[in-house]
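Chemist: sequence unknown, structure follows:
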C-alpha cells in the first residue's frame with residue numbers, strides 16, 4: 001500500500017515580503033515519510049473588503065513521492081481515477097469560468113505546456129477553447145501579480161485535468177477587492193459560463209452581503225473555496241447560492257477497492273456563517289446559519305497537484321506542486337461541467353448535492369480544528385470540513 005502519513009504540521013510566521021502587489025503571509029512545513037515538506041501561501045493576508053487567493057506552493061516538490069508523467073504532483077489521470085470521472089467522454093459544449101485577480105500574461109502559453117505534458121487536446125484562443133477577458137469582458141487587462149499568477153495557472157490546469165473537453169473562460173479582476181471579483185463573476189455569467197470557480201476568500205464581515213447577489217445566477221454552478229486556515233469561515237463560500245468546497249488529503253491506497261483513500265485536510269475551512277442565513281435545503285442541527293462546506297476534493301499540498309507556471313514566484317517557475325482549497329474549487333466546478341446539468345436543473349447553490357449524497361465518497365476521518373463536533377471533525381454523514389464528501393462520478397452534480 002502506498003500511503004502518505006502526515007506526522008507533523010507546523011505554522012511559522014514569515015516576514016511580509018513585497019512581491020508584485022501581494023505580500024506573502026505564511027510559510028508552512030510538515031514532515032512526510034521522514035522528509036520535510038515546505039510550502040508557501042502565494043498570496044498575502046486580505047484586508048477588509050478584499051480577498052486573497054488560496055493557493056499553497058510546495059517549495060521542495062522533489063521530496064514528494066507521488067508524481068505523474070515525470071513531474072511531481074498528481075496529474076489528470078490520477079484525479080480522474082480518484083473521483084471516477086467520465087473526463088474523456090463528457091464536457092463538450094460546456095464552459096468553465098475561472099475568476100481571479102490581476103493578469104497572467106502567460107496564461108495561454110502555460111496552459112499549452114500543461115496540456116501537452118499530459119496529452120490533453122489543445123485549448124487555445126485560435127481554436128475557440130480558451131478565452132481571456134478583463135472584469136468587464138474586454139481586453140484592458142489589469143497589472144500582473146506573481147502570486148495571483150500562480151493561482152491562475154493552478155485553476156486553468158485543474159479545469160484541464162478534470163474536463164479536457166470543456167471550454168475555459170478566464171476573467172481577470174482589476175484588483176483583489178471584493179467588488180472587482182464580484183463584478184467578474186457577473187461577467188462570467190453574462191458570457192455564458194456553465195460553471196464558475198472562485199479560488200479565493202476573505203474573512204467574514206458585515207459588508208459581505210453587499211456582494212452576495214453577484215454570486216446568484218440560477219442555472220450556473222458557482223463554486224468557492226472554504227479557506228486554508230483551518231476551522232473558520234470565509235466569503236464568498238458562505239453565500240447560500242454558492243457551492244462551498246472544502247479540502248481533503250488524497251492518498252493512493254491499494255488496500256481500498258476504490259484504489260484511493262481520503263481524509264479531511266487539517267487546514268481546510270469549515271464552520272458556521274456569522275451573517276448568512278441557513279438555506280432551506282441544509283438541515284444540520286449544530287449551526288443555525290449557513291454551514292460550510294457542501295462538498296470537497298483534494299487540497300492538501302502534501303498530496304498536491306502538478307501545475308505549470310512560467311512566471312517566477314519565490315524563486316520557482318516551471319513545473320510546481322500546488323495545494324490549498326484553490327485546488328478543490330476548480331475541480332468541483334469542472335465536475336459540474338462534466339455532468340452538464342446546471343442549466344436544465346436550474347442549479348442555484350448546493351441543494352442538488354444534498355439530495356444525491358449516495359453518489360459521493362463520504363469522508364469519515366480527519367479534522368481541521370478543536371471545536372469538538374462535526375463542524376470541524378469528519379465523520380459519517382455530513383461534516384463541516386468535507387460536506388457530504390468527494391465526487392464518485394457525476395451523479396451528485
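Modeler: The structure has been received and is ready for your questions. From a predicted model like this one, the values you see are computed outputs, not experimental measurements.
Chemist: can you give me the helices in the stretch 101-250 of the chain?
Modeler: 107-117, 146-162, 178-190 (DSSP state H, counting those that start in this stretch).
Chemist: Averaged pLDDT, the second one. What do you get?
Modeler: Per-residue pLDDT values over helix 146-162 give a mean of 96.
Chemist: Next, the buried residues of that helix.
Modeler: Within helix 146-162, the residues scored as buried using 16 or more other Cβ atoms under 10 Å are 146-162. In short, each C-beta sits where N, CA and C put it, glycine included.
Chemist: who wins for proximity to residue 320 among the helices of the stretch 101-250 of the chain?
Modeler: Within those, the stretch nearest residue 320 is helix 146-162; the backing value is 7.5 Å (Cβ to Cβ).
Chemist: ok, residue 279 - contacts?
Modeler: 240, 290, 349, 351 (Cβ atoms under 8 Å, 6 or more residues apart in numbering).
Chemist: For it, give its distance to residue 134.
Modeler: Distance from residue 279 to residue 134, counting by Cβ to Cβ, to the nearest Å: 32 Å.
Chemist: where are the low-confidence patches of this structure?
Modeler: Filtered on pLDDT under 70, the chain yields the residue ranges 1-35.
Chemist: just to revisit the earlier point, mind checking the helices of the stretch 101-250 of the chain for the one nearest to residue 199?
Modeler: helix 146-162 (5.6 Å).
Chemist: could you check the angle helix 107-117 makes with that closest one?
Modeler: Counting by axes from the mean of the first three to the mean of the last three Cα atoms, to 10 degrees, helix 146-162 points 40 degrees away from the direction of helix 107-117.
Chemist: ok, back up a step: let's see which of the contacts of residue 279 end up in helices.
Modeler: residue 351 (DSSP state H).
Chemist: Is residue 67 bridged to anything, and to what?
Modeler: residue 72 (DSSP bridges).
Chemist: List the strands paired with the helix or strand where residue 318 lies, with their directions.
Modeler: Assigned by DSSP states H and E, residue 318 belongs to strand 316-323. Each strand that pairs with strand 316-323, with its direction, by DSSP bridges: strand 56-58 (antiparallel), strand 305-313 (antiparallel).
Chemist: Make JSON lines out of those and add distance to residue 227 and mean neighbour count.
Modeler: Listed next are these as JSON lines, based on distance: least, Cβ to Cβ, whole Å; neighbours: other Cβ atoms under 10 Å:
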{"stretch": "strand 56-58", "distance to residue 227": "12", "mean neighbour count": "27"}
{"stretch": "strand 305-313", "distance to residue 227": "18", "mean neighbour count": "23"}
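Chemist: any chance of the ones you listed in CSV, with distance to residue 201 too?
Modeler: Below are these laid out as CSV (distance: least, Cβ to Cβ, whole Å):
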stretch, distance to residue 201
strand 56-58, 13
strand 305-313, 19
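Chemist: out of the ones you listed, which comes closest to residue 183?
Modeler: strand 305-313 (24.5 Å).
Chemist: which residues sit in contact with the nearest residue to residue 246 once chain neighbours are set aside?
Modeler: Residue nearest to residue 246 in three dimensions, not counting chain neighbours: residue 293, with 3.3 Å by Cβ to Cβ, 6 or more residues apart in numbering. Residues in contact with residue 293 (Cβ under 8 Å, 6+ apart) are 226, 237, 244, 245, 246, 268, 269, 270, 384, 385, 386, 387.
Chemist: same question, residue 234
Modeler: 201, 202, 203, 204, 225, 226, 227, 269.
Chemist: Likewise for residue 347?
Modeler: Residue 347 touches 218, 219, 220, 221, 336, 341, counting by Cβ under 8 Å, 6+ apart.
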